[in-house]
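Undergrad: Take this sequence and fold it.
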Amino acid sequence: LTSGIAALIHAYFIPEHWDMWPGYGWLFLISAAAQMLLALILLADRPLHPLVIWAGIFGNALLIIVWAIARSSGLPFGPMAGEIEPVGWLDASCELAQALTIISLAALSRLRS
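TA: This is a model prediction of the structure:
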């Protein structure tokens with residue numbers, strides 16, 4: 001559920017970021033697709049392959065780091081390089097969903113051991 005929520009939020013922001021720069025749009029498109037794929041795999045695949053769990057943890061952690069950089073010092077690439085973006089309730093909700101996804105995947109990883 002949390003991965004699906006993060007995917008939907010990323011999908012919502014694709015057009016806005018695409019208009020800023022296609023590179024930002026691609027980042028949101030790939031993020032949304034990967035998070036929705038993870039959600040579908042988690043719903044359908046039993047038992048889970050460890051690679052799925054670790055890819056989900058790493059991918060979501062990377063997105064949280066990119067978000068934190070964008071909100072603290074600005075991204076180092078693209079036409080808005082160095083511009084600090086404000087924190088909004090929807091993007092903060094996405095980060096919470098991603099953090100909960102990481103926690104859930106870590107718990108699943110522990111159950112598998």
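Undergrad: Give me the below-cutoff pLDDT ranges for this protein.
TA: Filtered on pLDDT under 70, the chain yields the residue ranges 112-113.
Undergrad: what about Val87, which SS state?
TA: When classified by DSSP: H, G, I helix; E, B strand; the rest coil, Val87 comes out as coil.
Undergrad: Which residue, neighbours along the chain excluded, lies closest to it?
TA: Leaving aside its chain neighbours, Val87 sits nearest to Arg71 (5.5 Å; criterion: C-beta to C-beta, 6 or more residues apart in numbering). Placement of C-beta: from N, CA and C, glycine included.
Undergrad: Would you check how far apart that neighbour and Glu95 are?
TA: Applying C-beta to C-beta, to the nearest Å, the value for Arg71 to Glu95 is 9 Å.
Undergrad: contacting residues around the residue nearest to Val87?
TA: Counting by C-beta atoms under 8 Å, 6 or more residues apart in numbering, Arg71 touches 84-87.
Undergrad: biggest separation within these, which pair?
TA: Pairwise distances across the contacts of Arg71 (C-beta to C-beta) peak at 9.8 Å, for the pair Ile84 and Val87.
Undergrad: List the buried residues of stretch 92-110.
TA: For stretch 92-110, a neighbour-count test (16 or more other C-beta atoms under 10 Å) marks 94-95, 97-98, 100-102, 104-105, 108 as buried.
Undergrad: Of those, which belong to helices?
TA: If you go by DSSP state H, those have 94-95, 97-98, 100-102, 104-105, 108 in helices.
Undergrad: Alright, calling it a day.
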